[in-house]
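1. Just the structure for this:
(2 chains)
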Amino acid sequence: IQMTQSPSLLSASVGDRVTLSCKAGQNINNYLAWYQQKLGEAPKLLIYNANSLQTGIPSRFSGSGSGTDYTLTISSLQPEDVATYFCQQYNSWTTFGSGTKLEIK
Amino acid sequence: QVTLKESGPGILQPSQTLSLTCSFSGFSLSTYGMCVGWIRQSSGKGLEWLANIWWNDDKYYNPSLKNRLTISKDTSNNQAFLKITNMDTADTATYYCARSPRCDPGITTNWFAYWGQGTLVTVSS
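-> Numbering: from 1, shown residues only, chains lettered A, B, ... in the order given. The predicted structure is shown next:
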């Protein structure tokens, strides 16, 4: 299943509400996870099952969506949120999106 | 506390076989519901899932690479392994092992809650 993330690059200001998009090539039944990857580090799980927040992740991160369209929202962007964000579907085998790189304006 | 750490040769030549080891702690791969997977990341292809192994020794492979992959485990020493045959320059990547929170019978993959730091493998003549 192809996963398409948009935009590929996003520049926003501290405090902004940020929305990242992930679109699946077919219905993935909410079997979707979001990861944050900072430079030189392994991916870190943020959200699973489309909208469940992983333990220890700040509540400013949230996930939503259904069917083929999913969204990761950061309610108030912080400097430490600079990273690349990936989505992963696990409805049929597993595939990852190509990522959205998030920068501070 | 769950930790995972990958180890590999660093560099190898085209056509050689890659052998990777994932050494982990904080869980046992003989416990019901435990599973470990391998994922790689290259600048050209992004994140690519390779294989998973279940506590009961069920194994699942990326269909596009299945012929080249072998996953296995040593529960006594808390290790998982991945072999990839006929390596090519296109296989140059950072290879990660990761654990899913729970892997029940009937599913082949899941999200990955714990990741190792990754090991860079370069294929070059």
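2. CA-only coordinates of stretch B:23-33, as CSV, when you get a sec.
-> As requested, the backbone C-alpha atoms of stretch B:23-33 are provided in CSV (Å, rounded to 0.1, in the frame of the first residue of the first chain):
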residue,chain,number,x,y,z
SER,B,23,20.7,-7.8,20.9
PHE,B,24,17.9,-6.8,23.2
SER,B,25,16.9,-6.6,26.9
GLY,B,26,13.8,-6.0,28.9
PHE,B,27,11.7,-8.7,27.2
SER,B,28,12.0,-12.3,26.0
LEU,B,29,11.2,-13.4,22.5
SER,B,30,9.9,-16.7,24.0
THR,B,31,7.0,-14.8,25.7
TYR,B,32,3.6,-14.9,24.1
GLY,B,33,2.9,-11.8,22.0
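3. if we look at it, which residues are touching it?
-> Here stretch B:23-33 makes contact (C-beta atoms under 8 Å, 6 or more residues apart in numbering or on different chains) with B:1-5, B:7, B:34-36, B:53, B:55-56, B:73, B:75, B:77-80, B:97, B:99, B:102-104, B:116. C-beta: built from backbone N, CA, C; applies to glycine.
4. among these, which are in reach of chain A?
-> residue B:116 (C-beta under 8 Å from any C-beta of the partner chain).
5. Where does pLDDT dip in chain B?
-> Along chain B, segments meeting pLDDT under 70 are nowhere present.
6. any idea how far the residue nearest the centre of it lies from residue B:110?
-> The centroid of chain B falls nearest to residue B:38 when counting by C-alpha atoms, centre = their mean (2.3 Å). Counting by C-beta to C-beta, to the nearest Å, the gap from residue B:38 to residue B:110 is 14 Å.
7. Those residues of chain A touching chain B, which are they?
-> A:33, A:41-45, A:48-49, A:54, A:86, A:88, A:90, A:93-99.
8. I am finished for the moment; much appreciated.
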